[in-house]
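Novice: coords below, sequence missing:
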């Protein structure tokens, strides 16, 4: 779907996943010391719901790519040419994310699936996306190529980081890194849409201009900075919320004592994460 | 052996190895908590037999490459040109797999060979295959080059993953990843055969057409998906078989109690794999 | 700032950071066995001060790049061209180091920020610098390109090493490696200044001469050797100083007994670092 | 030293180091369970002597490169051209190995030098060699370039493996891998000498012939196979020698009992190496 919508839709999807993760992982991190079996039960259910939604959206993505008016409608070859390979490639990307979502669900629902397989499949899905993008942009104008290749950097970097999670599972820093890259991917899809298909009648970008490429490179870094800021904000909000809930739960014990206990509680958390 | 058979034979070999591994590793994983010395003894014997068969087939591969009618018959240089370097390169690849098989056998038979050396040699064999493939396809038509280079990705990725097993040995996720890549390699060899040497009189592929290259890239991802499905099926079959055997072994205790004990058993397995 | 000063200033900044780290990390290493809470308190305060100074200098760097006479003064786009993208790119590099400094401070001040995030952000800042440099030097003379690309090697190598510190935190060898690379970066910026903008009226370098490129490559290795020597010297000085201070503190017990206790103390240190 | 001797000499040097390591590491591996302080003392002394010899030979290498008849005699720049940069580059390579040797000695002699620094410096020396080689072979005939680039693969692969030893120290598999790569480097230098400067009046190789390049690629794999065989032989010899010595030391207890105790002893060794 080589138009503005075709970039805005997956962008929004990645953005929503990123924002959700930037809430989920801090939440999980702050609660990890509380050995509460009911809490763990809720967490597992949440993971399953998340995976189900991700799978659902991937399937919707596949169907959308196939049944848009100029889509292939699941026809692959016609007489002597391939039919809209672009849409087929996008469908393939979504398909891998759907598989990753299904494996995520299985890891939590079926107890004999080994932990870490969900991360492996996610890494595979991300690598595949990067791999297809890399061969996707052949024979296009320089700016178009460059703006997509920047995404490939994110995808391969993210793939390696997720692969590391197979071995170093539940490392909050790796999880936050992954989250920031997903947010970056989301905002960058929007940026690609704005640059290649200016939506509000703004003038076209000169796709062969060297300075445009230089600006886009820098702009990419700013996007990552924005992604980090969004993540930091959500992290802080989650922390404040938890502290407030805890304070209300504890009831009367307010004042200096609270500060002290907070400090101890936080130190315990930190020393706990230290062991990984 | 630049013909259909020359790709179908190694493809079948890799496919068989992959299918066997997709049965062996789940089996090993489900049984790892049972500290049964007789079981361990059988497992070791199985590993030795597997390594012996792999070595045998590699040697057959070498001999086949050397003694096909237009093969080099172990002659390397004649007057002033090298004799069928292609066949020599294939022989070299097989040779490394033979060495890897021998080291596998030694690791289990001779107790003073350090564990991990078998994985190192397997990684070396895989790297060597990728390395020779990389320099193999120089000066060929674009589609031919591309279809072989995709294999190089698998081989280098697999090589890194196997090298990691030197340090993180017996990690089920890495083992399953390796298995899936071997199956992929097997099916991809068949695909190469079908594309470059259409066997049933189907028309030739245009080897310089850009869209063919794009389709092949995507097709490669589908092959990996198929490999994952095959592996998942075998994994589930092994699990069901083990549960059924266990149930029959236990005899009477059926019903709710079984479900419960299963669950505990599985959780134990998972928490065991967690420590790695 | 494409002149001698524009390279000497960041060079000096990196050099100072490198020299400071080559004192700080040995100091921390020798004191890590002493479970002294007052000492730990001082160390934390020192880290915070260091991070604050780093942030301050990064902000100064941003302002300098923006408000030099031919700078962009925070204007980005004018009529139909981008304004001094070079200065904007340099500002972006400084911005990431500023963010890294802020996260460093937060890690020590705010106890609920996970350890390792400071290293991740530092790695990101270093990667970003390398990334921007890589696309920075397009369309320049060969020597200019080469002399900047050598820096990219350092930055990507350093980035990987710092990323490893997320997982293997407080590993003295990784910390010293990082220190040596920072010193190298500092001296190399000076070298770039001397080569591309000879300050004292010395003749210009022929930027297309192959032998100049070969010499610069070798010169780069010598710089690293110099960086290692500087680091080794500071390491030894810190050690001698600590031993002298300890001797004075202990007062009378001098002679053979001291040598013996030193030895035990050092062995304890080493075996301690061994566990990581 | 672009002649046969100039490749045979460093080749012999690397070969000797490789052969020595293929004896040393198995020896260390088989003895690691014996907590004998006198043995450890001998081992340390041996390491120091080895490092001293390595340093000595590196210094000899530097002097030889500088003072051969057409060498630079420590002059770098003359009027307006660089003097014999080749020799200077070789000197730089040797210099880094000398530094690595010195740090090795310091790690064992001076107890406050952190373990792992010796590995880091060795990795740096190997990387530097690869780095200089990479920029060394510009503008040469294809075969000359290719035959040197194959060495760069070894050097970067070896560099990564040695860097891993900073974290996973005393892993016998990584040490044996390193050993095999050093032997490969040694024999390959000899091969380069034979190909580029045929010593016994054999005809010159056509340096632009594609088939020659293909053969050399394959030949490189055979060299590695040879290196593996040499290492395996030495490994076995060391094992047999140790068993014989042990048997003689134990005196009378021969027969079945020996076999049993051997087995237990070896299993203990293996399970010991398992923990790393």
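Specialist: Thanks, I have the structure now. Predicted, not measured: the structure shown is a model, and the values here were computed from it.
Novice: burial count for whichever residue of the stretch 101-250 of chain A sits closest to chain C?
Specialist: In the stretch 101-250 of chain A, the residue found nearest to chain C is residue A:173; the distance is 4.1 Å by Cβ to the nearest Cβ. Backbone N, C-alpha and C define where each C-beta goes, glycine included. By other Cβ atoms under 10 Å in any protein chain shown, 24 other residues sit near residue A:173.
Novice: cool, and residue A:156?
Specialist: Residues near residue A:156, counting by other Cβ under 10 Å: 17.
Novice: could you pull out the helices for the stretch 1-150 of chain A?
Specialist: In the stretch 1-150 of chain A, the helices defined using DSSP state H, counting those that start in this stretch lie at A:4-31, A:37-67, A:85-109, A:117-136, A:142-167.
Novice: ok, residue A:157 to residue C:123 distance?
Specialist: Note on residue A:157: its distance to residue C:123, by Cβ to Cβ, to the nearest Å, is 11 Å.
Novice: of those two, which one has the most company?
Specialist: residue C:123 (22 against 16).
Novice: list the contacts for that one?
Specialist: Contact partners of residue C:123, counting by Cβ atoms under 8 Å, 6 or more residues apart in numbering or on different chains, are C:159-160, C:162-163, C:165-166.
Novice: returning to that earlier point: just want the phi and psi numbers for the residue of the stretch 101-250 of chain A closest to chain C.
Specialist: phi -70, psi -40 (degrees, to the nearest 10).
Novice: okay, helices next: where are they in the stretch 151-276 of chain A?
Specialist: Counting by DSSP H, counting those that start in this stretch, the helices of the stretch 151-276 of chain A are A:172-196, A:210-250, A:256-274.
Novice: what's the pLDDT at the residue positioned nearest the centre of chain A?
Specialist: The residue lying closest to the centre of chain A (Cα atoms, centre = their mean) is residue A:182, at 3.1 Å. pLDDT for residue A:182: 96.
Novice: residue A:13 is in contact with that one, correct?
Specialist: No - using Cβ atoms under 8 Å, residue A:182 is not in contact with residue A:13; the gap is 9.9 Å.
Novice: now the helices of the stretch 1-150 of chain A as JSON lines including distance to residue C:21 and mean pLDDT?
Specialist: Output for these, formatted as JSON lines (distance: least, Cβ to Cβ, whole Å; pLDDT from 0 to 100):
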{"stretch": "helix A:4-31", "distance to residue C:21": "29", "mean pLDDT": "92"}
{"stretch": "helix A:37-67", "distance to residue C:21": "40", "mean pLDDT": "91"}
{"stretch": "helix A:85-109", "distance to residue C:21": "41", "mean pLDDT": "93"}
{"stretch": "helix A:117-136", "distance to residue C:21": "34", "mean pLDDT": "93"}
{"stretch": "helix A:142-167", "distance to residue C:21": "26", "mean pLDDT": "93"}
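Novice: any idea which of those is most buried?
Specialist: Comparing the helices of the stretch 1-150 of chain A on average neighbours per residue, with mean count of other Cβ atoms under 10 Å in any protein chain shown, the densest one is helix A:117-136 at a mean of 22.
Novice: what angle do it and helix A:142-167 make?
Specialist: Interaxial angle of helix A:117-136 relative to helix A:142-167 (axes from the mean of the first three to the mean of the last three Cα atoms, to 10 degrees): 160 degrees.
Novice: gap between helix A:117-136 and the chain center?
Specialist: With Cα atoms, centre = their mean, to the nearest Å as the basis, helix A:117-136 stands 12 Å off its chain's centre.
Novice: now the angle between helix A:172-196 and it, please.
Specialist: 30 degrees.
Novice: relative to residue A:176, how far out is residue A:234?
Specialist: 10 Å.
Novice: overlap in contacts of these two?
Specialist: Counting by Cβ under 8 Å, 6+ apart, the residues touching both residue A:234 and residue A:176 are residue A:22.
Novice: for the contacts of residue C:123, which one is nearest chain D?
Specialist: Looking across these and measuring by Cβ to the nearest Cβ, the closest to chain D is residue C:160, at 9.5 Å.
Novice: residue contacts, the closest one?
Specialist: By Cβ under 8 Å, 6+ apart, the contact list for residue C:160 reads residue C:123.
Novice: flag every residue of the stretch 1-150 of chain A that's near chain C.
Specialist: Residues of the stretch 1-150 of chain A lying close to chain C (Cβ under 8 Å from any Cβ of the partner chain) are A:29-30.
Novice: closest residue of the stretch 1-150 of chain A to chain C?
Specialist: Counting by Cβ to the nearest Cβ, the stretch 1-150 of chain A gets nearest chain C through residue A:29, at 6.8 Å.
Novice: and for that residue, nearest residue in space, chain neighbours not counted?
Specialist: Spatial nearest neighbour of residue A:29, excluding adjacent residues (Cβ to Cβ, 6 or more residues apart in numbering or on different chains): residue A:172 at 4.7 Å.
Novice: next: residue A:169.
Specialist: Computed as Cβ to Cβ, 6+ apart, the closest residue to residue A:169 that is not its neighbour in sequence is residue A:116, at 6.2 Å.
Novice: circling back to that earlier point, pick the most buried one from the helices of the stretch 151-276 of chain A.
Specialist: With neighbours defined as mean count of other Cβ under 10 Å, the helices of the stretch 151-276 of chain A peak in mean count at helix A:172-196, which reaches a mean of 22.
Novice: could you list every helix and strand in contact with that one?
Specialist: Here helix A:172-196 touches helix A:4-31, helix A:142-167, helix A:210-250, helix C:117-136, going by 3 or more Cβ pairs under 8 Å, 6 or more residues apart in numbering or on different chains; DSSP states H and E.
Novice: okay, the angle between that helix and helix A:210-250?
Specialist: On the basis of the same axes, to 10 degrees, helix A:172-196 is oriented at 140 degrees to helix A:210-250.
Novice: related to what we said a few turns ago, now the residue nearest to the centre of chain A, nearest residue through space, not along the chain?
Specialist: That would be residue A:18: by Cβ to Cβ, 6+ apart, it lies 3.8 Å from residue A:182.
Novice: can you check residue A:28 too?
Specialist: residue A:43 (6.7 Å).
Novice: do residue A:119 as well
Specialist: Nearest residue to residue A:119, sequence neighbours excluded (Cβ to Cβ, 6+ apart): residue A:165, at 4.5 Å.
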